[in-house]
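Peer 1: just to be clear, the model below is a prediction. Sequence and coordinates:
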Amino acid sequence: MAPERTAPAAREHAAAWPGRVRALLSARESPVVAALLVSLVFASLFLDMFATGRNMGFLLLSVAAIALMALPMTLIVITGEIDLSVASTLALSSATLGALWEAGVPIETALLICLLLGAALGALNGLFVTVLGLPSLAVTIGTMALYRGLAYVLLGDRAVASYPQDWVSGARAPFLGIEGLPWIAVAILAMAALFAVLLHATGIGRSLYDIGNNTEAARFTGVAVKRTKFWLFTLSGTVASGAGVFWTLQYGTSRADTAFGLELQVVAAVLLGGVSIFGGVGTVLGVMSGVLLLGTVRNALQLLGVSGDVLQIVTGLILIASVVGPNLVASLRRRRRTPAPTRVPTVPRPPTHDGETP
Amino acid sequence: MPQQSPPAPPPLELVRVAKSFGSVRALRGMSLELRSGEIHALVGENGAGKSTLVKTIAGVHRPDAGWIQADGAPVTFTRPADAQRAGVAVIHQEPTLFPDLSVAENIFIGRQPRTRLRTIDRARMRRETDEVFTRLGVPVDPDRPARGLSIADQQLVEIAKALTRQARVLVMDEPTAALSSVEAERLFTVARTLRDQGVALLFISHRFDEVFALCDRITVVRDGAFVSCDPAADLDVDTVVQRMVGREVETLYPKQETEAGHTLLEVEGLTRHGVFEDIGFTVRSGEIVALAGLVGAGRSEVVRALFGVDRYDAGSVRVDGVPLAQGSPKAAMAAGLALVPEDRREQGLVMESSIARNATSTRRSALSRLGLLSSRAEDEACRSWGEPLQLKYGRLTDPVSTLSGGNQQKVVLAKWLATGPSVLFVDEPTRGIDVGTKAEVHRLLSALAADGLAVVMVSSELPEVLGMADRVLVMHEGRITAELDRDEADEESVMYAATGQPPREALR
């Protein structure tokens, strides 16, 4: 690797261009960005239906909820935690909206209540993780079942579908009338930019990586680890309930079993985007590419007439590949760097002797 | 040579063993002979090489030079299993048993006796466990789970495990550190029983009363080398202490004379139950105060509590006259405290993160503009601190783990000095770094104190303590046992206080 030097400025300048290119190529999210571009090109070339305004709009709407929930999930996974309750929070928020609407609550008020509920659900996760110190994996598997159960309590197996038509079509409306570009996609892009700034260009963002890499060192540097995690879970709950509201209006219906298993797609997209499941590594660009890659692959397969079961299998395989891939690459690199892994230090054989002569 | 050669060769012998870790020479030509039916004490300062020696005997480390002999024949331990096979067993200060398994299951873990049907022979396991505890003369129920056993009882289980493995050499590494005096006495009875049954024991302790009451011979080590080995009867505490520390204070410590200014840190009655009790001291501007003592005396715990990483149960802390709330490193930083922690890799740095990001991790909001933090601002701030500290690096974006230990420590120092503290805690500031960097760190601390900083230095290296400190606070088992001025403090007075012995003056 790079030799130690005392004059780094000169060296940095000289190495600026090739260094930047190399950094770009070796960045963890580069493969997924490349895969996204390749799959977009391939799908456009070989599927007539793919690169149409109508299909693009459909694709973007299909990943909207996942993209929303993936943003706070990225921050949470970077700190070394996980939130598996997001899809259930979405469903409970949707069911609440349905119940309130049926009870005659104005839709604006109902929306606000749903967002507050989402914040409370996320805060509950956060309390379990920070105050009680429980592992978030266990906590959010528990609340995943709990929140889903509460959604069933509210709606049973009924569906609420009497939402005002202008809200329902409004949810799917294009941005400035551009076909194939729903306004939600633009909103998500803006949110992603905000999250990217937060994560990559603020002190808070830096501390999230520190927490994920070494909680102890972060604590010794004055980072309020528990408070940070608490707010991340609250944020995740709020965004998930927002996604629930959008989902409800987008499809014009509330059901308790809505978005069942969607948390897996969110986690898959985050990991596919290069975020390490062990924390400390990841970018917003990578995650958004991961979301779009998953959406593109599913969309293309659907256009080819592949069934939903197979889509599920493909999602699972991509998830596994996204976890195994980086580890495989890392171990290959390690092997290349150390030519002789079993270099045993030579120990001089002790002389054998009969009489001890000190 | 020993005055009388034993009838059989000793079961274990170290012959001129040397072991280095990087540039640190942990053992240099260490020899040791463990004889059957004898309790052998090993004493030395922290860092004298005792742990390395134990790990070499246990097969964890392989000697760079020299060799180990079992029953007079050279052997090579490449793995701990090799040492076990040769009859060596190590009892650690805090044993690690499987809490949910029974005592008998713990003893036979991995080598359970089988019945003819290849199932585990529980009856035999229980019977043999009973036998070995009878041999030790202590009643322990073989069927009770290991969870809830006192540390003393856990050690006995470990000893029993060793005996069922036919161990002939038993190494006890500071076994009494966590025991009450009654428990320690029971352990000694067991040790004597084993000695009389022909086992060779190596006993490591910082408590001289125990060493003299229990052991037959005493070996003193210093700086990784053998100093002396004599029958305990021919020695006294004074002689042993002198041999442990007997070296010149080196000129590695460019201490500047400073005038102490106003009081910056006041600590009163600080207590964390079971860790430290009633700690009180003050530090003034321009002073370097050392917290000396043995490992485990509670020194690091005190500075961690002061800095807000740990909580405390009672007491008060004032910084420049203003009370400091506990439990918040952020509040401590705002009050002007800084802590260079003991463990650089786990506490001081985020090893995966870049040099620049580590060096600026304490001042991110100060370096931000309109809430935005740019890599350029981080790099510039890092460079401005890297230069005076003569930090050597490839690129600022390289992970800090690519630096040498000394340069890593400089990054930690830069990170904290950049906050402009008024009180600086440094915990083992020169552990594991080379001599040249060591002197640089000392010069830096001295210069900072001259500029009016109050420095609290935890150090296990006596020369460093004596060379750098204006005052020395000595801790023993969670309490401050002595406060010595620069001219009162010498290696012996600190060592006496650190081992809980009455000061020499009182004996005279």
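Peer 2: Perfect, I can see it now.
Peer 1: surely residue B:91 touches residue B:174?
Peer 2: No: checked against Cβ atoms under 8 Å, the pair residue B:91 and residue B:174 is beyond contact range at 9.8 Å. Using the backbone N, CA and C atoms, a C-beta is placed for each residue, glycine as well.
Peer 1: could you check how far residue B:280 is from residue B:337?
Peer 2: 17 Å (Cβ to Cβ, to the nearest Å).
Peer 1: higher neighbour count, the two?
Peer 2: residue B:337 (27 against 14; other Cβ atoms under 10 Å in any protein chain shown).
Peer 1: helix, strand or coil: sort out the residue nearest the centre of chain B for me.
Peer 2: Most central in chain B under Cα atoms, centre = their mean is residue B:295, positioned 4.0 Å from the mean C-alpha point. Three-state secondary structure (criterion: DSSP: H, G, I helix; E, B strand; the rest coil) places residue B:295 in coil.
Peer 1: which phi and psi does it have?
Peer 2: phi -60, psi 130 (degrees, to the nearest 10).
Peer 1: quick one: it and residue B:458 touch, right?
Peer 2: No: contact criterion Cβ under 8 Å: residue B:295 and residue B:458 do not qualify, at 10.5 Å.
Peer 1: please name the nearest non-neighbouring residue to the single nearest residue of the stretch 251-400 of chain B relative to chain A.
Peer 2: Proximity of the stretch 251-400 of chain B to chain A (Cβ to the nearest Cβ) peaks at residue B:364, 2.9 Å away. Spatial nearest neighbour of residue B:364, chain neighbours left out: residue A:203 (2.9 Å); criterion: Cβ to Cβ, 6 or more residues apart in numbering or on different chains.
Peer 1: pull the number of nearby residues for the one you found.
Peer 2: 19.
Peer 1: tell me the contacts of it?
Peer 2: Each residue near residue A:203 by Cβ atoms under 8 Å, 6 or more residues apart in numbering or on different chains is listed here: B:364, B:365, B:367, B:368, B:373.
Peer 1: tell me the two of the residues you listed that are most distant?
Peer 2: Pairwise distances across these peak at 8.3 Å for B:365 and B:373 (criterion: Cβ to Cβ).
Peer 1: for those two, indicate the residue with more neighbours.
Peer 2: Neighbours per residue, other Cβ under 10 Å: of residue B:365 and residue B:373, the larger number sits with residue B:373, 23 against 11.
Peer 1: all strands for the stretch 101-250 of chain B, in order.
Peer 2: B:169-173, B:200-204, B:217-222, B:225-231 (DSSP state E, counting those that start in this stretch).
Peer 1: if I look at the residue nearest to the centre of chain B, how far off is residue B:491?
Peer 2: 17 Å.
Peer 1: how about residue B:42?
Peer 2: Taking Cβ to Cβ, one finds residue B:42 at 19 Å from residue B:491.
Peer 1: and if you look at residue A:177?
Peer 2: Residue A:177 is 85 Å from residue B:491, by Cβ to Cβ.
Peer 1: who has more neighbours out of the two?
Peer 2: residue B:491 (20 against 7).
Peer 1: for the more buried one, report the pLDDT, please.
Peer 2: The score at residue B:491 is 82. That number is its pLDDT.
Peer 1: run through the chain and note the low-pLDDT ranges.
Peer 2: Let's take chain A. The model of chain A has pLDDT under 70 over residues A:1-26, A:326, A:330, A:333-358.
Peer 1: other chain: chain B
Peer 2: Short version for chain B, where the test is pLDDT under 70: B:1-7, B:22-24, B:46-47, B:178, B:246-252, B:254, B:432, B:434-436, B:502-508.
Peer 1: so how far is residue A:315 from the closest residue to chain B within chain A?
Peer 2: Going by Cβ to the nearest Cβ, chain B is nearest to residue A:203 of chain A, at 2.9 Å. From residue A:203 across to residue A:315, the span is 36 Å (Cβ to Cβ).
Peer 1: neighbours of the residue lying closest to residue B:163 once chain neighbours are set aside, how many?
Peer 2: Sequence neighbours aside, residue B:132 is the residue nearest to residue B:163 in space, at 5.1 Å (criterion: Cβ to Cβ, 6+ apart). Residue B:132 has 21 neighbours, counted by other Cβ under 10 Å.
Peer 1: show me the contacts for residue B:132.
Peer 2: When the contact criterion is Cβ under 8 Å, 6+ apart, the partners of residue B:132 are B:107, B:160, B:163, B:164.
Peer 1: residue B:159 is in contact with the first one, correct?
Peer 2: Read that as residue B:107. No: Residue B:107 lies out of contact with residue B:159 (Cβ under 8 Å); the separation is 9.9 Å.
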